[in-house]
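J.: no letters, just coordinates:
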């Protein structure tokens, strides 16, 4: 064999070796890329879910922050030099001299700010130290079921408290069983301490909230019975909820809407804005229209909810039992 032939054969072997190595390297790179793509795809498909310990940490954090802020206000109010700076956060503003009545004031926003932290603290304390142990007493073991039980338990506490205070205010008000007094003597700018505090806490009208609260009490009770495994009582309470919903949110509410649309302007004629006259508070036709539109819009939303409630009612009648038609993430 000549030297030229040997070199030629070596060249061929080297080229084949190079081609094989290149192919193997490409296969390795392709495999690594496939594994990376699969890992990235798997990471995107599977989102991170908060663990129970993370949820508990958030609740604890909310309660601690609320305590710190509220205690800071209380401590600052004890010293003469700092008390004026926190007075707006603790006490209602704009009291009529020599009376027990209050007027509206822009500084009422500070009281609302404080109430947010008060409500946050009460909610966290109630859920963690009252409702969580109560969930164990009724043999609820699933973390999701416990969370739902606690949430509905808090709603029941909140709506019940709101309903009690709201009903007390309504019973002692001049418009008790007399809708005309909603508007006669408007503007109603002389409020008791309880009425003004209630209004700032709810940020809604007294009678509207009473109507809403009583229905929500029945709904939350039905859900608590559902999570506790008492299906029969849940179905009965759902029936009570359905009846109260139709009577109050579609019956009484629409009558109030009709009364406002037909009588408000006539009964409040003394408070209408007069061009060229300086008035403390007054109304125009556009203002009345805006408020009526808001009331009408709320009724439309409640009609949509009524459709969802009717679907659940059909299941109860057919023997399936009351179930929430919303998804797990929405509950």
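T.: Ah, there it is. Treat the numbers as computed from the prediction; the structure is a model and nothing was measured. Numbers count the residues shown, from 1 in each chain.
J.: rest of the way, CA atoms for contacts and neighbours
T.: OK.
J.: contacts for stretch 275-292 next, please.
T.: Contacts to stretch 275-292, defined as C-alpha atoms under 8 Å, 6 or more residues apart in numbering, come from residues 187, 257, 260, 261, 265, 271, 272, 273.
J.: quick one: buried ones out of those residues?
T.: Among the contacts of stretch 275-292, those buried by neighbour count (16 or more other C-alpha atoms under 10 Å) are 260, 265, 271, 272, 273.
J.: point to the residue nearest the middle of this protein.
T.: residue 155 (9.7 Å; C-alpha atoms, centre = their mean).
J.: for stretch 306-313, what does the pLDDT average out to?
T.: Model confidence over stretch 306-313, given as mean pLDDT, is 91.
J.: that one: how far from the chain's middle?
T.: Taking C-alpha atoms, centre = their mean, to the nearest Å, one finds the center of stretch 306-313 at 21 Å from the center of the full chain.
J.: in that stretch, what's buried?
T.: 306, 309, 312, 313.
J.: same thing with stretch 218-231?
T.: 218, 219, 220, 221, 222, 223, 224, 225, 226, 227, 228, 231.
J.: go on, stretch 143-158?
T.: Here stretch 143-158 shows 146-158 as buried, counting by 16+ other C-alpha under 10 Å.
J.: hang on, residue 77 packs against residue 89?
T.: No: if you go by C-alpha atoms under 8 Å, residue 77 and residue 89 don't touch, sitting 9.8 Å apart.
J.: lowest-confidence helix or strand of the chain?
T.: helix 3-45 (a mean of 48; mean pLDDT, DSSP states H and E).
J.: and the helix or strand hosting residue 209, what does it pack onto?
T.: Counting by DSSP states H and E, the element that carries residue 209 is helix 206-227. Helices and strands touching helix 206-227, by 3 or more C-alpha pairs under 8 Å, 6 or more residues apart in numbering; DSSP states H and E, are helix 143-171, helix 231-244.
J.: pull the distance from it to the chain's centre.
T.: Relative to its parent chain, helix 206-227 has a centroid offset of 14 Å by C-alpha atoms, centre = their mean.
J.: equivalent analysis for stretch 165-183, please.
T.: That offset, for stretch 165-183, works out to 27 Å (C-alpha atoms, centre = their mean).
J.: so for that stretch, what gets flagged as buried?
T.: Across stretch 165-183, burial judged by 16+ other C-alpha under 10 Å covers 165, 166, 167, 169, 170, 179, 180, 181, 182, 183.
J.: any idea how far apart the tips of stretch 74-81 sit?
T.: Length of stretch 74-81, first residue to last, C-alpha to C-alpha, to the nearest Å: 13 Å.
J.: and residue 104, what pLDDT?
T.: 88.
J.: please apply the same query to residue 302.
T.: pLDDT, read off for residue 302, is 96.
J.: what do you get for residue 327?
T.: In the predicted model, residue 327 carries a pLDDT score of 43.
J.: just to revisit the earlier point, list just the nearest of the buried residues of stretch 143-158 to residue 109.
T.: residue 158 (21.4 Å; C-alpha to C-alpha).
J.: could you give the angle of the helix or strand hosting residue 293 to helix 231-244?
T.: Assigned by DSSP H and E, residue 293 belongs to helix 285-317. Angle, helix 285-317 to helix 231-244, by axes from the mean of the first three to the mean of the last three C-alpha atoms, to 10 degrees: 150 degrees.
J.: how about helix 285-317: buried residues?
T.: For helix 285-317, burial by neighbour count (16+ other C-alpha under 10 Å) applies to 292, 295, 299, 302, 306, 309, 312, 313, 316.
J.: tell me how far residue 206 lies from residue 79.
T.: Distance from residue 206 to residue 79, by C-alpha to C-alpha: 36 Å.
J.: actually residue 159, not the one I typed
T.: Counting by C-alpha to C-alpha, the gap from residue 159 to residue 79 is 36 Å.
J.: pick out whichever of residue 77 and residue 89 has more residues nearby.
T.: More crowded of residue 77 and residue 89, by other C-alpha atoms under 10 Å: residue 89, with 22 against 18.
J.: re the thing from before, need the helices and strands packed on helix 206-227 in CSV (columns: mean pLDDT and distance to residue 100).
T.: What follows is the helices and strands packed on helix 206-227, written out as CSV (pLDDT from 0 to 100; distance: least, C-alpha to C-alpha, whole Å):
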stretch, mean pLDDT, distance to residue 100
helix 143-171, 95, 15
helix 231-244, 92, 36
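J.: helix, strand, or coil at residue 70?
T.: Secondary structure, DSSP: H, G, I helix; E, B strand; the rest coil: residue 70 is helix.
J.: quick one: residues contacting it.
T.: 114, 117, 118.
J.: thinking again about what came up before, more neighbours: residue 206 and residue 79, which one.
T.: Neighbour count, other C-alpha under 10 Å: between residue 206 and residue 79, residue 206 has more, with 20 against 10.
J.: the more buried one touches residue 166, doesn't it?
T.: Yes: counting by C-alpha under 8 Å, residue 206 touches residue 166, with 6.1 Å between them.
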